[in-house]
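K.L.:
Model the following, please.
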Amino acid sequence: MNNQTDTELVEAARSGDVESLGRLYNRYYQSMAWVAYSVLFDREQAHDIAQETFAVVCRKLVHLRRPERFAGWLATICRNLAIDTLRRRKGNGVSLEEIDEPVAPDCGDEGESVRQAISRLPEMDREIVVLRYFDEMSYEQLQQSLGISIHAVKGRLFRAKQRLKEHMNDKDSRKR
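P.N.:
Reported below is the predicted structural model:
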């Protein structure tokens, strides 16, 4: 049954159904890699964190009180693992030298400017921008993955885009 809800898959996985856990992994792995990337700006580490997230889930799934909130719980675990990894790096920020190559390598200077502006956003803004525009999540998928209302998704995206625009305008004004 491929149309099972997260709640059904979580309940089955809790009962020892490894295939259900695999379906949750397939459903959310890429999104978790993007969540980690929004914190770390390092693709390899982001994939490591996404895998580590599911290792934690295997151990802690029995403690999830509200299976219907699996996606938000999963994103929180992933985000916390990524933040811990970031803290272990030298300093507490992401230097531009550490940021991965652009997602679209042929985007030139403009793509680099966008990446730099995104790296300067607060963590929550970076996360929603990366998930929406790099992972191409719908508002409904963002709602589920972040465990927030559609209204909150729209508000966060609006504010994040405003801040991104400000960062881009600041960079443009410094060029002149």
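K.L.:
What segments of the protein are strands?
P.N.:
Remark: no strands are assigned in the chain by DSSP state E.
K.L.:
In space, not sequence, find me the middle residue of it.
P.N.:
The centre of the chain sits closest to V35, judged by Cα atoms, centre = their mean, with a distance of 1.3 Å.
K.L.:
Setting the sequence-adjacent residues aside, check what's closest to that one.
P.N.:
In space, and not counting its chain neighbours, V35 is closest to C78: 4.7 Å by Cβ to Cβ, 6 or more residues apart in numbering. C-betas here are computed from N, CA, C, even on glycine.
K.L.:
same check, this time on Y28
P.N.:
Leaving aside its sequence neighbours, Y28 sits nearest to L74 (Cβ to Cβ, 6+ apart; 5.8 Å).
K.L.:
got the contact list for that neighbour?
P.N.:
Neighbour list for L74: Y28, M32, T53, V57, S145 [criterion: Cβ atoms under 8 Å, 6 or more residues apart in numbering].
K.L.:
Export those residues to JSON lines and append columns for pLDDT and distance to N3.
P.N.:
Formatted as JSON lines, the contacts of L74 follow (pLDDT from 0 to 100; distance: Cβ to Cβ, whole Å):
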{"residue": "Y28", "pLDDT": "94", "distance to N3": "16"}
{"residue": "M32", "pLDDT": "94", "distance to N3": "22"}
{"residue": "T53", "pLDDT": "96", "distance to N3": "24"}
{"residue": "V57", "pLDDT": "95", "distance to N3": "21"}
{"residue": "S145", "pLDDT": "81", "distance to N3": "19"}
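K.L.:
For these, pick the one with the most neighbours.
P.N.:
Neighbour counts for the contacts of L74 peak at M32, which has 29 neighbours (criterion: other Cβ atoms under 10 Å).
K.L.:
That residue contacts C78, doesn't it?
P.N.:
Yes: M32 lies in contact with C78 (Cβ atoms under 8 Å); the separation is 4.5 Å.
K.L.:
what sits in contact with each of these two?
P.N.:
Common neighbours of M32 and C78 (Cβ under 8 Å, 6+ apart) are I49, A50, T53.
K.L.:
Who are the contact partners of the first one?
P.N.:
Translated: I49. I49 neighbours (Cβ under 8 Å, 6+ apart): M32, A33, A36, L40, C78, L81, A82, T85.
K.L.:
now swap in the second one and tell me
P.N.:
The neighbourhood of A50, defined by Cβ under 8 Å, 6+ apart, consists of Y29, Q30, M32, A33, V35, A36, C78.
K.L.:
since we're on the first one, how many residues are nearby?
P.N.:
Using other Cβ under 10 Å, the number of residues around Y29 comes to 15.
K.L.:
could you give the mean pLDDT of the longest helix that the chain contains?
P.N.:
Counting by DSSP state H, the longest helix found in the chain is helix 150-175. Helix 150-175 carries an average pLDDT of 85.
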